[in-house]
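**Q** model the following, please.
(one chain, ligands or ions: 2)
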Amino acid sequence: MLRAAMPKPERNAAKKYPRGAAPKQAPRKGAPKKGAFKKDASKKDASKKDAPKAAKPREPRLPAPPIVLPPPKKRDGGAPTSPPRSGRCAILGRPNVGKSTLLNAMVGQKLAIATSKPQTTRTTLLGVAVRKDPPLQIAFIDTPGLHRPASALGRALVEDAEGELEHCDVALLMVSVAKGAELADVIGESERELLSKLKSIASKRDKGGVTREPPPVVLALNKVDQLKHKHLMLPLLEKLEKLYPFAALVPISALKGVNVEELIVEIGSRLPEGFAYDEELLTDKPEKFFAAELVREALIRNTRQEIPYAAAVVIDRFEDDARMARITATVVVEKDAHKGIVIGKSGQMLKLIGTEARLEMEQMFGRKVFLELWVKVMEDWTDNARSVREILEADSTQVAPAAARSTES
Ligand SMILES: Nc1nc2c(ncn2[C@@H]2O[C@H](COP(=O)(O)OP(=O)(O)OP(=O)(O)O)[C@@H](O)[C@H]2O)c(=O)[nH]1
Ligand SMILES: [Mg+2]
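**A** Ligands and ions are numbered 1, 2, ... in the order given. From the prediction side, this is the model:
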(Lines give C-alpha, C1' and ligand atoms only; values in the text may rest on other atoms or scores of the structure.)
(Ligands and ions follow the chains in the order given, each with its own letter.)
Protein backbone atom coordinates (compact mmCIF):
# COMPACT_ATOMS: atom_id res chain seq x y z
CA MET A 1 0.00 0.00 0.00
CA LEU A 2 1.26 3.45 -0.78
CA ARG A 3 1.68 5.84 2.00
CA ALA A 4 3.65 8.96 2.50
CA ALA A 5 5.74 8.28 5.52
CA MET A 6 8.52 10.55 4.32
CA PRO A 7 9.57 13.04 6.93
CA LYS A 8 9.25 16.53 5.53
CA PRO A 9 11.60 18.54 7.69
CA GLU A 10 11.63 21.52 5.37
CA ARG A 11 7.94 22.16 5.70
CA ASN A 12 6.92 24.48 8.46
CA ALA A 13 3.74 24.21 10.41
CA ALA A 14 1.53 26.41 8.25
CA LYS A 15 -1.95 24.94 8.00
CA LYS A 16 -3.31 22.97 5.06
CA TYR A 17 -6.64 23.93 3.63
CA PRO A 18 -9.31 22.35 5.70
CA ARG A 19 -11.31 19.90 3.63
CA GLY A 20 -13.97 21.70 1.63
CA ALA A 21 -12.51 25.15 2.25
CA ALA A 22 -11.02 25.36 -1.20
CA PRO A 23 -13.32 25.24 -4.20
CA LYS A 24 -12.70 21.95 -5.97
CA GLN A 25 -13.05 21.30 -9.64
CA ALA A 26 -13.39 18.11 -11.57
CA PRO A 27 -9.81 16.95 -12.22
CA ARG A 28 -8.50 18.39 -15.46
CA LYS A 29 -6.79 16.37 -18.16
CA GLY A 30 -3.39 15.36 -16.91
CA ALA A 31 -4.35 15.55 -13.24
CA PRO A 32 -2.66 12.69 -11.38
CA LYS A 33 -4.76 9.69 -10.41
CA LYS A 34 -5.95 9.07 -6.92
CA GLY A 35 -3.95 6.46 -5.10
CA ALA A 36 -0.59 7.93 -5.99
CA PHE A 37 1.99 8.51 -3.26
CA LYS A 38 0.34 10.93 -0.84
CA LYS A 39 1.48 13.42 1.72
CA ASP A 40 1.69 12.32 5.29
CA ALA A 41 -1.53 13.52 6.87
CA SER A 42 0.44 14.87 9.80
CA LYS A 43 2.51 17.14 7.58
CA LYS A 44 1.55 20.69 6.76
CA ASP A 45 2.05 22.84 3.71
CA ALA A 46 4.97 25.15 3.32
CA SER A 47 3.49 28.60 3.15
CA LYS A 48 6.24 30.71 4.66
CA LYS A 49 4.21 33.79 5.23
CA ASP A 50 1.38 32.14 7.14
CA ALA A 51 3.43 30.04 9.49
CA PRO A 52 2.40 30.59 13.09
CA LYS A 53 5.10 32.17 15.20
CA ALA A 54 5.66 29.03 17.27
CA ALA A 55 6.19 26.93 14.15
CA LYS A 56 9.45 25.08 13.70
CA PRO A 57 11.86 27.08 11.56
CA ARG A 58 12.56 25.93 8.01
CA GLU A 59 15.00 23.19 7.99
CA PRO A 60 18.59 22.64 7.70
CA ARG A 61 18.95 24.48 4.47
CA LEU A 62 21.96 26.72 4.60
CA PRO A 63 21.08 30.31 5.34
CA ALA A 64 20.55 32.31 2.17
CA PRO A 65 23.73 34.12 1.25
CA PRO A 66 23.68 37.90 1.16
CA ILE A 67 23.10 38.08 -2.57
CA VAL A 68 21.67 41.29 -3.90
CA LEU A 69 19.61 40.39 -6.92
CA PRO A 70 17.49 42.46 -9.20
CA PRO A 71 13.80 41.75 -8.58
CA PRO A 72 12.19 39.13 -10.84
CA LYS A 73 11.32 40.69 -14.19
CA LYS A 74 7.83 40.37 -15.54
CA ARG A 75 6.96 40.60 -19.17
CA ASP A 76 3.25 39.97 -19.21
CA GLY A 77 2.17 41.75 -16.06
CA GLY A 78 1.41 38.47 -14.27
CA ALA A 79 1.02 39.21 -10.60
CA PRO A 80 0.17 37.16 -7.55
CA THR A 81 -3.58 36.67 -7.49
CA SER A 82 -5.81 35.59 -4.69
CA PRO A 83 -8.13 32.99 -6.27
CA PRO A 84 -6.97 29.39 -5.87
CA ARG A 85 -4.97 28.24 -8.86
CA SER A 86 -3.55 24.91 -9.91
CA GLY A 87 -1.94 23.20 -12.88
CA ARG A 88 1.06 21.44 -14.36
CA CYS A 89 4.47 23.02 -14.68
CA ALA A 90 7.21 21.13 -16.53
CA ILE A 91 10.75 21.87 -15.34
CA LEU A 92 13.00 21.71 -18.39
CA GLY A 93 16.65 22.43 -19.05
CA ARG A 94 20.07 21.04 -19.74
CA PRO A 95 21.47 18.25 -17.56
CA ASN A 96 22.92 19.40 -14.23
CA VAL A 97 21.33 22.87 -14.12
CA GLY A 98 19.51 21.95 -10.88
CA LYS A 99 16.00 20.86 -11.95
CA SER A 100 15.70 18.02 -9.46
CA THR A 101 17.16 20.12 -6.66
CA LEU A 102 14.53 22.75 -7.39
CA LEU A 103 11.69 20.21 -7.44
CA ASN A 104 12.72 19.04 -3.98
CA ALA A 105 13.01 22.60 -2.69
CA MET A 106 9.56 23.53 -3.99
CA VAL A 107 7.84 20.40 -2.75
CA GLY A 108 9.60 20.74 0.60
CA GLN A 109 11.21 17.31 0.77
CA LYS A 110 13.47 15.04 -1.20
CA LEU A 111 11.62 13.24 -3.97
CA ALA A 112 14.02 13.44 -6.90
CA ILE A 113 17.58 12.19 -6.76
CA ALA A 114 20.14 14.90 -7.52
CA THR A 115 23.86 14.43 -7.99
CA SER A 116 26.79 16.42 -9.31
CA LYS A 117 26.87 14.19 -12.42
CA PRO A 118 24.84 15.19 -15.49
CA GLN A 119 21.97 13.01 -16.75
CA THR A 120 20.99 11.83 -13.30
CA THR A 121 17.23 12.04 -13.92
CA ARG A 122 15.88 9.36 -16.24
CA THR A 123 12.14 9.48 -15.61
CA THR A 124 9.68 12.33 -15.40
CA LEU A 125 8.63 12.73 -11.79
CA LEU A 126 5.68 14.64 -10.44
CA GLY A 127 5.83 16.54 -7.16
CA VAL A 128 2.95 18.69 -5.97
CA ALA A 129 3.82 21.93 -4.21
CA VAL A 130 1.04 23.48 -2.13
CA ARG A 131 0.99 27.03 -0.88
CA LYS A 132 -1.61 28.87 1.14
CA ASP A 133 -0.89 32.47 0.31
CA PRO A 134 -1.49 32.80 -2.56
CA PRO A 135 -3.51 29.57 -2.66
CA LEU A 136 -1.72 27.29 -5.10
CA GLN A 137 -1.40 23.63 -6.02
CA ILE A 138 1.35 23.22 -8.58
CA ALA A 139 2.12 19.81 -10.07
CA PHE A 140 5.78 20.22 -10.98
CA ILE A 141 7.23 17.69 -13.41
CA ASP A 142 10.95 17.08 -13.10
CA THR A 143 12.31 15.93 -16.46
CA PRO A 144 15.53 14.39 -17.79
CA GLY A 145 18.09 16.95 -18.97
CA LEU A 146 17.88 18.14 -22.59
CA HIS A 147 21.00 17.25 -24.55
CA ARG A 148 22.14 16.02 -27.92
CA PRO A 149 21.51 12.29 -27.50
CA ALA A 150 24.26 9.85 -28.43
CA SER A 151 22.45 6.63 -27.50
CA ALA A 152 19.00 5.05 -27.43
CA LEU A 153 18.88 5.92 -23.74
CA GLY A 154 19.69 9.59 -24.46
CA ARG A 155 17.00 9.77 -27.16
CA ALA A 156 14.39 8.31 -24.82
CA LEU A 157 15.27 10.83 -22.11
CA VAL A 158 15.04 13.84 -24.42
CA GLU A 159 11.77 12.58 -25.95
CA ASP A 160 10.22 12.18 -22.52
CA ALA A 161 11.31 15.64 -21.42
CA GLU A 162 10.08 17.38 -24.57
CA GLY A 163 6.82 15.40 -24.42
CA GLU A 164 5.95 17.28 -21.24
CA LEU A 165 5.68 20.51 -23.21
CA GLU A 166 2.45 19.28 -24.77
CA HIS A 167 0.69 18.87 -21.44
CA CYS A 168 1.89 21.66 -19.20
CA ASP A 169 0.13 24.90 -18.29
CA VAL A 170 3.45 26.65 -17.69
CA ALA A 171 6.95 25.66 -18.86
CA LEU A 172 9.77 26.43 -16.46
CA LEU A 173 13.02 26.67 -18.38
CA MET A 174 15.98 26.40 -16.10
CA VAL A 175 19.47 27.59 -16.93
CA SER A 176 22.59 27.88 -14.80
CA VAL A 177 24.76 30.94 -14.28
CA ALA A 178 27.43 28.95 -12.46
CA LYS A 179 29.83 29.21 -15.40
CA GLY A 180 29.23 32.88 -16.15
CA ALA A 181 26.63 35.47 -17.05
CA GLU A 182 27.31 35.88 -20.76
CA LEU A 183 24.36 34.91 -22.96
CA ALA A 184 26.43 32.08 -24.46
CA ASP A 185 27.12 30.71 -20.97
CA VAL A 186 23.47 30.15 -20.22
CA ILE A 187 21.79 29.65 -23.59
CA GLY A 188 23.13 26.93 -25.86
CA GLU A 189 21.84 24.63 -28.58
CA SER A 190 19.51 22.74 -26.22
CA GLU A 191 17.80 25.88 -24.99
CA ARG A 192 17.46 27.37 -28.49
CA GLU A 193 15.96 24.13 -29.80
CA LEU A 194 13.52 24.01 -26.93
CA LEU A 195 12.42 27.60 -27.44
CA SER A 196 11.85 27.05 -31.15
CA LYS A 197 9.84 23.91 -30.32
CA LEU A 198 7.74 26.00 -27.95
CA LYS A 199 7.03 28.48 -30.70
CA SER A 200 5.90 25.68 -33.00
CA ILE A 201 3.65 24.13 -30.37
CA ALA A 202 0.83 26.59 -31.07
CA SER A 203 -0.06 24.76 -34.25
CA LYS A 204 -0.13 21.39 -32.50
CA ARG A 205 -2.01 22.36 -29.36
CA ASP A 206 -5.49 21.79 -30.63
CA LYS A 207 -8.25 21.71 -28.11
CA GLY A 208 -11.78 21.28 -29.46
CA GLY A 209 -10.64 22.60 -32.81
CA VAL A 210 -9.26 25.79 -31.27
CA THR A 211 -5.54 26.35 -31.56
CA ARG A 212 -4.04 27.20 -28.19
CA GLU A 213 -1.09 29.42 -27.48
CA PRO A 214 2.15 27.75 -26.42
CA PRO A 215 2.50 27.64 -22.64
CA PRO A 216 3.98 30.71 -20.98
CA VAL A 217 7.68 30.17 -20.29
CA VAL A 218 9.16 31.26 -16.98
CA LEU A 219 12.95 31.37 -17.03
CA ALA A 220 14.79 30.47 -13.83
CA LEU A 221 18.46 31.44 -13.71
CA ASN A 222 19.82 28.99 -11.17
CA LYS A 223 23.01 28.83 -9.11
CA VAL A 224 23.23 32.57 -8.51
CA ASP A 225 25.15 31.68 -5.36
CA GLN A 226 28.02 30.70 -7.69
CA LEU A 227 27.91 33.84 -9.80
CA LYS A 228 31.03 35.81 -8.90
CA HIS A 229 30.07 39.14 -10.42
CA LYS A 230 26.47 39.78 -9.44
CA HIS A 231 26.34 43.06 -11.35
CA LEU A 232 26.45 41.03 -14.59
CA MET A 233 22.96 39.73 -13.90
CA LEU A 234 21.10 42.82 -15.12
CA PRO A 235 22.70 42.97 -18.58
CA LEU A 236 22.10 39.23 -18.93
CA LEU A 237 18.43 39.63 -18.08
CA GLU A 238 18.14 42.36 -20.73
CA LYS A 239 19.65 40.11 -23.39
CA LEU A 240 17.38 37.23 -22.40
CA GLU A 241 14.31 39.43 -22.67
CA LYS A 242 15.18 40.06 -26.30
CA LEU A 243 15.69 36.37 -27.01
CA TYR A 244 12.18 35.12 -26.19
CA PRO A 245 8.97 36.61 -24.74
CA PHE A 246 9.51 34.99 -21.37
CA ALA A 247 6.62 35.45 -18.95
CA ALA A 248 9.08 36.12 -16.14
CA LEU A 249 12.81 35.89 -15.46
CA VAL A 250 13.78 34.86 -11.95
CA PRO A 251 17.36 34.51 -10.66
CA ILE A 252 17.37 31.76 -8.01
CA SER A 253 19.48 29.39 -6.02
CA ALA A 254 17.62 26.10 -5.71
CA LEU A 255 20.27 24.76 -3.36
CA LYS A 256 20.25 27.71 -0.97
CA GLY A 257 16.56 28.53 -1.27
CA VAL A 258 17.10 32.00 -2.78
CA ASN A 259 14.01 33.38 -4.57
CA VAL A 260 12.33 29.96 -4.70
CA GLU A 261 9.09 31.25 -3.17
CA GLU A 262 9.08 34.21 -5.58
CA LEU A 263 9.45 31.76 -8.47
CA ILE A 264 6.50 29.70 -7.21
CA VAL A 265 4.32 32.81 -7.11
CA GLU A 266 5.36 33.76 -10.66
CA ILE A 267 4.44 30.30 -11.93
CA GLY A 268 1.27 30.04 -9.85
CA SER A 269 -0.12 33.35 -11.10
CA ARG A 270 -0.15 31.91 -14.64
CA LEU A 271 -2.11 28.75 -13.84
CA PRO A 272 -5.83 28.18 -14.40
CA GLU A 273 -8.17 29.04 -11.54
CA GLY A 274 -9.45 26.35 -9.19
CA PHE A 275 -7.89 23.37 -7.44
CA ALA A 276 -7.47 20.25 -9.55
CA TYR A 277 -5.70 17.83 -7.23
CA ASP A 278 -6.46 15.83 -4.14
CA GLU A 279 -4.95 17.96 -1.38
CA GLU A 280 -2.95 15.02 0.00
CA LEU A 281 -1.33 14.21 -3.34
CA LEU A 282 2.45 14.45 -3.25
CA THR A 283 3.73 12.44 -6.20
CA ASP A 284 2.63 9.96 -8.85
CA LYS A 285 5.22 7.29 -8.15
CA PRO A 286 5.07 4.32 -5.75
CA GLU A 287 7.64 3.64 -3.05
CA LYS A 288 9.41 1.03 -5.13
CA PHE A 289 10.23 3.67 -7.74
CA PHE A 290 11.99 5.67 -5.03
CA ALA A 291 13.73 2.52 -3.78
CA ALA A 292 15.25 2.00 -7.24
CA GLU A 293 16.17 5.67 -7.55
CA LEU A 294 17.91 5.75 -4.16
CA VAL A 295 20.04 2.74 -5.11
CA ARG A 296 20.90 4.47 -8.39
CA GLU A 297 21.77 7.69 -6.58
CA ALA A 298 24.18 5.84 -4.25
CA LEU A 299 25.65 4.09 -7.29
CA ILE A 300 26.17 7.39 -9.16
CA ARG A 301 27.70 9.00 -6.09
CA ASN A 302 30.21 6.20 -5.59
CA THR A 303 31.25 5.32 -9.15
CA ARG A 304 33.01 7.19 -11.92
CA GLN A 305 33.44 7.54 -15.67
CA GLU A 306 30.77 5.81 -17.72
CA ILE A 307 29.26 3.64 -14.98
CA PRO A 308 26.76 6.26 -13.69
CA TYR A 309 25.45 6.67 -17.26
CA ALA A 310 25.37 2.99 -18.17
CA ALA A 311 23.82 1.49 -15.05
CA ALA A 312 20.17 1.06 -14.16
CA VAL A 313 18.36 -0.36 -11.17
CA VAL A 314 15.31 -2.61 -11.26
CA ILE A 315 13.30 -3.79 -8.28
CA ASP A 316 12.72 -7.54 -8.26
CA ARG A 317 10.81 -7.74 -4.99
CA PHE A 318 9.13 -5.16 -2.77
CA GLU A 319 7.29 -6.66 0.16
CA ASP A 320 6.37 -4.64 3.15
CA ASP A 321 4.33 -4.37 6.26
CA ALA A 322 3.98 -1.56 8.78
CA ARG A 323 7.37 -2.32 10.35
CA MET A 324 9.68 -3.33 7.53
CA ALA A 325 10.12 -3.26 3.76
CA ARG A 326 11.96 -6.21 2.19
CA ILE A 327 13.47 -5.14 -1.09
CA THR A 328 15.50 -7.02 -3.68
CA ALA A 329 17.02 -4.90 -6.45
CA THR A 330 19.29 -5.60 -9.39
CA VAL A 331 21.89 -3.18 -10.71
CA VAL A 332 22.03 -3.62 -14.48
CA VAL A 333 25.36 -2.76 -16.11
CA GLU A 334 26.59 -2.94 -19.69
CA LYS A 335 29.88 -4.77 -19.39
CA ASP A 336 31.57 -7.43 -17.28
CA ALA A 337 34.23 -4.88 -16.34
CA HIS A 338 31.52 -2.58 -14.94
CA LYS A 339 30.12 -5.45 -12.92
CA GLY A 340 33.49 -5.95 -11.26
CA ILE A 341 33.71 -2.25 -10.38
CA VAL A 342 30.18 -2.10 -8.96
CA ILE A 343 30.82 -5.17 -6.79
CA GLY A 344 34.26 -3.90 -5.75
CA LYS A 345 37.03 -5.66 -3.90
CA SER A 346 35.51 -8.34 -1.67
CA GLY A 347 32.07 -6.87 -2.45
CA GLN A 348 32.90 -3.64 -0.60
CA MET A 349 31.50 -1.24 -3.23
CA LEU A 350 28.17 -3.03 -3.49
CA LYS A 351 27.96 -3.09 0.29
CA LEU A 352 28.61 0.66 0.49
CA ILE A 353 25.98 1.39 -2.16
CA GLY A 354 23.52 -0.85 -0.32
CA THR A 355 24.15 0.77 3.05
CA GLU A 356 23.78 4.33 1.74
CA ALA A 357 20.61 3.48 -0.19
CA ARG A 358 19.06 1.58 2.71
CA LEU A 359 19.61 4.46 5.15
CA GLU A 360 17.96 6.91 2.75
CA MET A 361 15.06 4.53 2.18
CA GLU A 362 14.48 4.12 5.90
CA GLN A 363 14.32 7.89 6.26
CA MET A 364 12.00 8.27 3.28
CA PHE A 365 9.66 5.35 4.04
CA GLY A 366 9.67 5.79 7.81
CA ARG A 367 10.34 2.12 8.55
CA LYS A 368 13.12 -0.46 8.59
CA VAL A 369 14.38 -1.73 5.27
CA PHE A 370 16.02 -5.03 4.42
CA LEU A 371 17.80 -4.53 1.12
CA GLU A 372 19.32 -7.22 -1.07
CA LEU A 373 21.34 -6.05 -4.09
CA TRP A 374 22.35 -8.05 -7.15
CA VAL A 375 24.38 -7.10 -10.20
CA LYS A 376 23.70 -8.28 -13.73
CA VAL A 377 25.23 -7.57 -17.14
CA MET A 378 22.91 -6.71 -20.02
CA GLU A 379 25.26 -6.12 -22.96
CA ASP A 380 25.00 -2.57 -24.38
CA TRP A 381 21.47 -2.04 -23.09
CA THR A 382 21.76 1.75 -23.44
CA ASP A 383 22.01 1.33 -27.24
CA ASN A 384 19.00 -0.93 -27.53
CA ALA A 385 15.79 1.10 -27.71
CA ARG A 386 13.67 -1.81 -26.50
CA SER A 387 15.81 -2.56 -23.46
CA VAL A 388 15.89 1.14 -22.66
CA ARG A 389 12.10 1.43 -22.73
CA GLU A 390 11.69 -1.76 -20.72
CA ILE A 391 14.05 -0.50 -18.05
CA LEU A 392 12.75 3.05 -17.95
CA GLU A 393 9.07 2.20 -17.97
CA ALA A 394 9.05 -0.94 -15.90
CA ASP A 395 11.97 0.09 -13.76
CA SER A 396 10.42 -1.36 -10.69
CA THR A 397 8.75 -4.47 -11.95
CA GLN A 398 11.23 -6.47 -13.94
CA VAL A 399 12.62 -9.65 -12.49
CA ALA A 400 16.27 -9.99 -13.28
CA PRO A 401 18.42 -13.07 -12.80
CA ALA A 402 21.30 -12.36 -10.51
CA ALA A 403 24.97 -13.03 -10.55
CA ALA A 404 26.41 -11.32 -7.51
CA ARG A 405 24.82 -10.27 -4.31
CA SER A 406 25.05 -8.02 -1.26
CA THR A 407 22.59 -8.09 1.62
CA GLU A 408 21.83 -5.05 3.74
CA SER A 409 19.62 -4.77 6.76
N1 LIG B 1 25.84 25.93 -6.08
C2 LIG B 1 24.66 25.46 -6.45
N3 LIG B 1 24.56 24.18 -6.84
C4 LIG B 1 23.34 23.74 -7.21
C5 LIG B 1 22.20 24.57 -7.21
N6 LIG B 1 21.15 23.83 -7.65
C7 LIG B 1 21.62 22.60 -7.89
N8 LIG B 1 22.94 22.53 -7.62
C9 LIG B 1 23.83 21.37 -7.77
O10 LIG B 1 23.93 21.04 -9.13
C11 LIG B 1 24.08 19.63 -9.29
C12 LIG B 1 23.01 19.11 -10.25
O13 LIG B 1 21.76 19.25 -9.65
P14 LIG B 1 20.50 18.40 -10.15
O15 LIG B 1 19.34 18.91 -9.40
O16 LIG B 1 20.79 16.95 -10.11
O17 LIG B 1 20.46 18.88 -11.68
P18 LIG B 1 19.45 18.39 -12.82
O19 LIG B 1 19.17 19.56 -13.69
O20 LIG B 1 18.28 17.71 -12.22
O21 LIG B 1 20.36 17.36 -13.61
P22 LIG B 1 19.88 16.13 -14.55
O23 LIG B 1 18.98 15.24 -13.76
O24 LIG B 1 21.16 15.48 -14.90
O25 LIG B 1 19.21 16.72 -15.75
C26 LIG B 1 23.97 19.02 -7.89
O27 LIG B 1 25.28 18.80 -7.41
C28 LIG B 1 23.28 20.11 -7.09
O29 LIG B 1 23.61 20.10 -5.72
C30 LIG B 1 22.35 25.92 -6.78
O31 LIG B 1 21.42 26.72 -6.73
N32 LIG B 1 23.61 26.31 -6.43
MG1 LIG C 1 17.58 15.79 -12.40
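**Q** residues from the stretch 101-250 of the chain in reach of ligand 1?
**A** 101, 114-116, 118-121, 144-145, 222-223, 225-226 (Cβ under 6 Å from any ligand atom). Any C-beta I mention is one placed from the backbone N, CA and C, and that applies to glycine too.
**Q** if you set the cut-off to 5 Å instead, what comes out?
**A** Residues of the stretch 101-250 of the chain lying close to ligand 1 (Cβ under 5 Å from any ligand atom) are Thr101, Ala114, Ser116, Pro118, Gln119, Thr120, Thr121, Gly145, Asn222, Lys223, Asp225, Gln226.
**Q** now do the SS call for the second one.
**A** At Ala114 the chain is in coil, as set by DSSP: H, G, I helix; E, B strand; the rest coil.
**Q** contacts only, for it.
**A** Gly98, Ser100, Thr101, Asn104, Thr120 (Cβ atoms under 8 Å, 6 or more residues apart in numbering).
**Q** could you rerun that using 10 Å?
**A** By Cβ atoms under 10 Å, 6 or more residues apart in numbering, Ala114 lies in contact with 96, 98-104, 120-121, 142, 254-255, 297, 300.
**Q** which of these sits closest to Val175?
**A** Closest approach between those and Val175, by Cβ to Cβ: Gly98, at 9.5 Å.
**Q** the closest one: what's it in contact with?
**A** 91, 105, 114, 174-176, 178, 220, 222-223, 252-255 are the contacts of Gly98 under Cβ under 10 Å, 6+ apart.
**Q** now, those that are in helices?
**A** Secondary structure from DSSP state H places Ala105 of these in helices.
**Q** pull out the buried residues from the contacts of Gly98.
**A** 91, 105, 114, 174-176, 178, 220, 222-223, 252-255 (16 or more other Cβ atoms under 10 Å).
**Q** okay, the residues you listed in TSV with distance to ligand 2 next?
**A** Output for these, formatted as TSV (distance: Cβ to the ion, whole Å):
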residue	distance to ligand 2
Ile91	9
Ala105	13
Ala114	6
Met174	10
Val175	14
Ser176	12
Ala178	15
Ala220	14
Asn222	12
Lys223	14
Ile252	16
Ser253	16
Ala254	11
Leu255	13
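**Q** got any ranges where the stretch 201-350 of the chain has weak pLDDT?
**A** 202-212 (pLDDT under 70).
**Q** among the contacts of Gly98, which ones are in strands?
**A** Ile91, Met174, Val175, Ser176, Ala220, Asn222 (DSSP state E).
**Q** SS state for whichever residue of the stretch 101-250 of the chain sits closest to ligand 1?
**A** For the stretch 101-250 of the chain and ligand 1, the shortest gap (Cβ to the nearest ligand atom) falls at Gly145, measuring 2.7 Å. Here Gly145 takes the coil state, with states given by three-state DSSP.
**Q** my guess is it contacts Thr115, does it?
**A** No. Counting by Cβ atoms under 10 Å, Gly145 stays clear of Thr115, with 11.9 Å between them.
**Q** so which of the contacts of Ala114 wins on neighbours?
**A** Scoring those on neighbours with other Cβ atoms under 10 Å, the highest-scoring entry is Lys99 at 32 neighbours.
**Q** good, wrapping up.
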